[in-house]
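Peer 1: Got a predicted structure plus its sequence, pasted below:
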2 protein chains.
Amino acid sequence: MNTSKRTEISTIGEFGLIEHLTSDITCTNKESIKGVGDDAAILQFDNENEVLVTTDLLMEGIHFDLTYVPLKHLGYKAAMINFSDIYAMNGTPKQITVSLALSKKFCIEDMEDFYDGLKIACQQHNVDIIGGDTSASITGLAISITAIGTASKGSSIKRNGAKETDLICVSGNLGAAYMGLQLLEREKIATAGKDIQPDFAGKEYILERQLKPEARKDIIERLRKEMVIPTSMIDVSDGLSSELMHICKQSKVGCRIYEERIPIDYQTAIMAEELNLNVITCALNGGEDYELLFTVPIADHEKVASMSDVHIIGHIVDQSMGNAMITRDGVEMELKAQGWAIESAE
Amino acid sequence: MNTSKRTEISTIGEFGLIEHLTSDITCTNKESIKGVGDDAAILQFDNENEVLVTTDLLMEGIHFDLTYVPLKHLGYKAAMINFSDIYAMNGTPKQITVSLALSKKFCIEDMEDFYDGLKIACQQHNVDIIGGDTSASITGLAISITAIGTASKGSSIKRNGAKETDLICVSGNLGAAYMGLQLLEREKIATAGKDIQPDFAGKEYILERQLKPEARKDIIERLRKEMVIPTSMIDVSDGLSSELMHICKQSKVGCRIYEERIPIDYQTAIMAEELNLNVITCALNGGEDYELLFTVPIADHEKVASMSDVHIIGHIVDQSMGNAMITRDGVEMELKAQGWAIESAE
């Protein structure tokens, strides 16, 4: 490794590192329509279809904790979060490859559980498992899934199409998966080394949101049925704030969202209350919701306003106005991807 | 993890585990032509092209040792071994996605080195880097690369087409990468904690074969030019013996190869001599050669016999005759993928 000069990755962060390493990369093959920088890459091998490709690498101890995540759920989730990226491009997931690296603590039955979850997710979304790789690992489990999907030519929706006056919409509700994680972490500590069961009564919904997220195929289908074509779309994996800023940056626009319009489930609110966390901060920065965040022309207002489980939370403004949330008491608060961190907001 | 019943993965091995987990998987989408079980999956989204997909997950401490592998070489190799899988299907690699998980010991300059190697490999083979994922890791480096390639419809070459009397051919030479690894391991031990340089004089070729393997695009081009269409093909990543057995099993045939015909470079032979290893065993089981192993109809004998850097090493026989190597002294020795292990053959 490099010993002469050493710049810590923390100085630029994950997004900064990717940008730094890939900024000089340009695609040279005519089949590569859109490379680095969206939920999925867009390829085109013929005149009718676009092929979408997305990939995720999940590491034990970073992305999941096997103390409380059953392997069956992990398999399900690992597939689902990749399907979500394909839907976020307005595509249909068709195939996945699955690579696993396993340390010796895992047995055949563990892998059967993992694959059971994987297969259920694939059956639900009509996706084929077409290949992969299995090898050893020194510590823990590493999971790499690549999903391939299709869209008809020109129908993929990127992050860069939002226009001034467009409405900002989000499906479902936000912050629940993050609160589910906080609950699991609390009960892990509370029950560690003791012969007691964790207490999850009345909190099933937020647990399910964390352990068994669902890719929003239904929203994509509904938008198609209503003939609403989003101008930009992304799935909420890192938190509303971060995702909205991706859309604004790539579309060269600004945004205004309204605190009172951010959809939050009551179990999320109760859990935040119990843990003395600001629930809006959790919704903005929590992540792992796998809801769809998209913008539509204002002309589609009536259509999206009447769609069940879709919420209009704000609108797109000129880039010079920046990205902000209007709080319940009318204050404009600048959105930050990481700055407005959960840790400092209690 | 599973506590009720526990069967160790070692009881069935890596190939056994994949087969066990994927045996009930069938493809349901019309676009999924060939799933698990070849160098790459074959997809088809239109009437003209086949899309090939392959993936590899490389883990520090298992697949590479950063004590002696420079990150630039690692980036180059990680890309190249995936290109090799696409060529082994008779395809052309077009795109890759790159996912990395990094522990805190890595700095930005390290990742620049890795990407430098990656980009050189991609430039050489005209491949676009179209996406990926970067995240943290508790220990070490994990690299997951997925390569996508194309072939015109019906031109992909699988493992299952070898027929009785077909000639068995291999490109380049075998065992060199494995001997390079042995040399690196020897010098690692010899120089550990001492202020001396490793001694690689006269052994540059086997080092390069280990650290900087080349995907055999040239062989694919030559076969096309000579209009030789292999009946089956695979790249040599796990060792000649193992790969040949994949072809035989999937083609439902047997094979005879001749010890004296197995191509071995003189540096490989000298290194084996120095380390008191049987060089043929190393060639059969060493792996990481990334040469192409293929079968052709006997009618193409003249064409392949005159191709430079292609060696006819044997022929396909009826399945009932099994898989065997004829030694220099005329003895038939059964080929085994792992049983005839390097450890026990000194």
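Peer 2: Received it, and whenever you're ready, just let me know what you need. Residues are numbered from 1 along each chain as shown, chains lettered A, B, ... in the order given.

Peer 1: in the stretch 201-346 of chain A, which spans are strands?
Peer 2: Ranges of strands within the stretch 201-346 of chain A are A:232-235, A:254-258, A:292-296, A:310-317, A:323-326, A:332-334, based on DSSP state E, counting those that start in this stretch.

Peer 1: no wait, the stretch 51-200 of chain A
Peer 2: Under DSSP E, counting those that start in this stretch, the stretch 51-200 of chain A gives strands at A:92-102, A:128-136, A:142-152, A:167-171.

Peer 1: Now stretch A:223-239: buried residues?
Peer 2: Across stretch A:223-239, burial judged by 16 or more other C-beta atoms under 10 Å in any protein chain shown covers A:223, A:228-239. All C-beta spots, glycine's among them, are computed from the backbone N, C-alpha and C.

Peer 1: Stretch A:332-339 near chain B at all?
Peer 2: No - Stretch A:332-339 does not reach chain B (C-beta under 8 Å from any C-beta of the partner chain); its nearest approach is 14.3 Å.

Peer 1: Touching that stretch from outside, list them.
Peer 2: A:13, A:15, A:238-239, A:241-242, A:244-245, A:255-257, A:284-285, A:322-327, A:340 (C-beta atoms under 8 Å, 6 or more residues apart in numbering or on different chains).

Peer 1: Show me which of the residues you listed are buried.
Peer 2: A:238-239, A:241-242, A:244-245, A:255-257, A:284-285, A:323-326, A:340.

Peer 1: Least confident of the residues you listed?
Peer 2: Of all the buried ones among the contacts of stretch A:332-339, residue A:340 has the smallest pLDDT value, namely 36.

Peer 1: related to what we said a few turns ago, by pLDDT, give me the weakest of the buried residues of stretch A:223-239.
Peer 2: Pick the lowest pLDDT in the buried residues of stretch A:223-239 and you get residue A:238, at 90.

Peer 1: how far away is the closest residue to that residue other than its chain neighbours from residue A:320?
Peer 2: In this structure, residue A:238 finds its nearest non-sequential neighbour in residue A:287, 4.7 Å apart by C-beta to C-beta, 6 or more residues apart in numbering or on different chains. Residue A:287 sits 28 Å away from residue A:320, going by C-beta to C-beta, to the nearest Å.

Peer 1: Including distance to residue A:280, could the buried residues of stretch A:223-239 go into CSV?
Peer 2: Listed next are the buried residues of stretch A:223-239 as CSV, based on distance: C-beta to C-beta, whole Å:
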residue, distance to residue A:280
A:223, 26
A:228, 27
A:229, 30
A:230, 24
A:231, 26
A:232, 23
A:233, 23
A:234, 20
A:235, 20
A:236, 15
A:237, 19
A:238, 16
A:239, 11
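
Peer 1: which one of those is nearest residue B:7?
Peer 2: Distance to residue B:7, by C-beta to C-beta, is smallest for residue A:237 among the buried residues of stretch A:223-239, at 34.9 Å.

Peer 1: how near is that closest one to residue B:154?
Peer 2: In terms of C-beta to C-beta, residue A:237 sits 39 Å off from residue B:154.

Peer 1: can you check residue A:335 too?
Peer 2: 52 Å.

Peer 1: the more surrounded of the two?
Peer 2: residue A:335 (22 against 7; other C-beta atoms under 10 Å in any protein chain shown).

Peer 1: For the closest residue to that one other than its chain neighbours, give the beta-bridge partners.
Peer 2: Nearest non-adjacent residue to residue A:335, counting by C-beta to C-beta, 6+ apart: residue A:323, 4.3 Å away. Residue A:323 has these beta-bridge partners by DSSP bridges: residue A:255.

Peer 1: Surely residue A:323 and residue A:244 touch.
Peer 2: Yes - contact criterion C-beta atoms under 8 Å: residue A:323 and residue A:244 qualify, at 6.7 Å.

Peer 1: which residues do the two both contact?
Peer 2: With C-beta under 8 Å, 6+ apart as the test, residue A:323 and residue A:244 both reach A:255, A:335.

Peer 1: can you give me the helices in chain A?
Peer 2: Using DSSP state H, the helices found in chain A span residues A:13-22, A:71-87, A:108-124, A:176-191, A:204-211, A:217-225, A:240-251, A:266-274, A:279-285, A:301-305.

Peer 1: how close does residue A:156 get to chain B?
Peer 2: When distance is defined by C-beta to the nearest C-beta, to the nearest Å, residue A:156 is 13 Å away from chain B.
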